[in-house]
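Undergrad: can't give you the sequence, but here's the structure:
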């Protein structure tokens, strides 16, 4: 079935809410087509150049964007930013944006502060893609829900339970669930709640789509009858000094064999990786038949190819 053209050319993707429900589903349709027949898209972005800016280290984000643009016929340029040459410090956001828009066709940035993305997007006349900030991880969430769609026919009837810190990944999953009309349940210890503004946006969106957003301190409540269980490391990049303390606080929120018995028998186990095995998740869960963590990681490649294609195409 032919893919309807989207009106995404030249736009930014900084937050899940930058795409409408219809646009998300069309991205998923394109992702499915690209995954099934990658040869058909080999020259679609011929001559296009992506700038990949990393202020945070990465395995999956780097590889999937680099390989993805090349599989579409384009190329990428890697730029590792440090304290001395950080965007907006050594040179203003405006000057960086105005330089790069004359040299490349799009920018993916993986950084700490979300305003780095928004400032670049404000000044650059080329698409900016959020590869991760401390507030959101939208490409990860898109890959996650695409993965769920490969197993569940109707995303609006699914329940995703996130057990752990109310972090950037949880934020984007919550917003995407709201867009899709799904149920999203987040369980975390007191004091580690998600950003209040993100929760407010998710609940406002949910009013229009029929989604259900649950925020609780009870892991069992979140996981009951879940179609998918998601977790992430207890201490994200930049929080290493808190690791020992967080390990004690989050121990009751470990995803283990006992907890997952509360979910549906065919639940999917998900993790954005890297995983700290036997901390946030036990080996018997992440290595079980229910685990889709590596399929999920692969789908970063396919979803991001679809996003780059739509934003950068002629």
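TA: Alright, I've got the coordinates. Remember, it's a predicted structure, so these values are computed and weren't measured experimentally. Numbering: from 1, shown residues only.

Undergrad: Point out where the stretch 151-300 of the chain drops to low pLDDT.
TA: For the stretch 151-300 of the chain, the stretches with pLDDT under 70 are 237.

Undergrad: the strands in it, which residues?
TA: 159-163, 183-187, 212-216, 228-231, 268-271 (DSSP state E, counting those that start in this stretch).

Undergrad: Tell me which other helices or strands the longest helix belonging to the chain touches.
TA: For the chain, the longest helix by residue count, based on DSSP state H, is helix 293-312. Packing contacts for helix 293-312, counted by 3 or more Cβ pairs under 8 Å, 6 or more residues apart in numbering; DSSP states H and E, involve helix 21-36, helix 60-71, strand 106-110, strand 128-132, helix 138-149, strand 268-271. C-beta here means a position set from N, CA and C on the backbone, and glycine is covered the same way.

Undergrad: now with 10 Å?
TA: Here helix 293-312 touches helix 21-36, strand 49-54, helix 60-71, strand 106-110, strand 128-132, helix 138-149, strand 268-271, going by 3 or more Cβ pairs under 10 Å, 6 or more residues apart in numbering; DSSP states H and E.

Undergrad: got these as a markdown table, with mean neighbour count and distance to residue 306 columns?
TA: Converted to a markdown table, the helices and strands packed on helix 293-312 look like this (neighbours: other Cβ atoms under 10 Å; distance: least, Cβ to Cβ, whole Å):
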| stretch | mean neighbour count | distance to residue 306 |
| --- | --- | --- |
| helix 21-36 | 18 | 4 |
| strand 49-54 | 21 | 14 |
| helix 60-71 | 20 | 9 |
| strand 106-110 | 26 | 14 |
| strand 128-132 | 27 | 12 |
| helix 138-149 | 25 | 9 |
| strand 268-271 | 26 | 20 |
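
Undergrad: got a markdown table for the ones you listed, with distance to residue 168 too?
TA: Formatted as a markdown table, these follow (distance: least, Cβ to Cβ, whole Å):
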| stretch | distance to residue 168 |
| --- | --- |
| helix 21-36 | 19 |
| strand 49-54 | 16 |
| helix 60-71 | 13 |
| strand 106-110 | 11 |
| strand 128-132 | 7 |
| helix 138-149 | 9 |
| strand 268-271 | 14 |
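
Undergrad: Ok, which of the strands of the stretch 151-300 of the chain comes nearest residue 280?
TA: strand 228-231 (4.7 Å; Cβ to Cβ).

Undergrad: From residue 99, how far out is the nearest residue to residue 111 once chain neighbours are set aside?
TA: Distance criterion Cβ to Cβ, 6 or more residues apart in numbering; nearest residue to residue 111, sequence neighbours excluded, is residue 55 at 4.2 Å. In this view, residue 55 and residue 99 are 17 Å apart by Cβ to Cβ, to the nearest Å.

Undergrad: And this protein, what are its domain boundaries?
TA: 16-136+300-312, 152-291 (automatic domain parsing).

Undergrad: gap between stretch 121-134 and the chain center?
TA: Mean-position distance between stretch 121-134 and its chain equals 15 Å (Cα atoms, centre = their mean, to the nearest Å).
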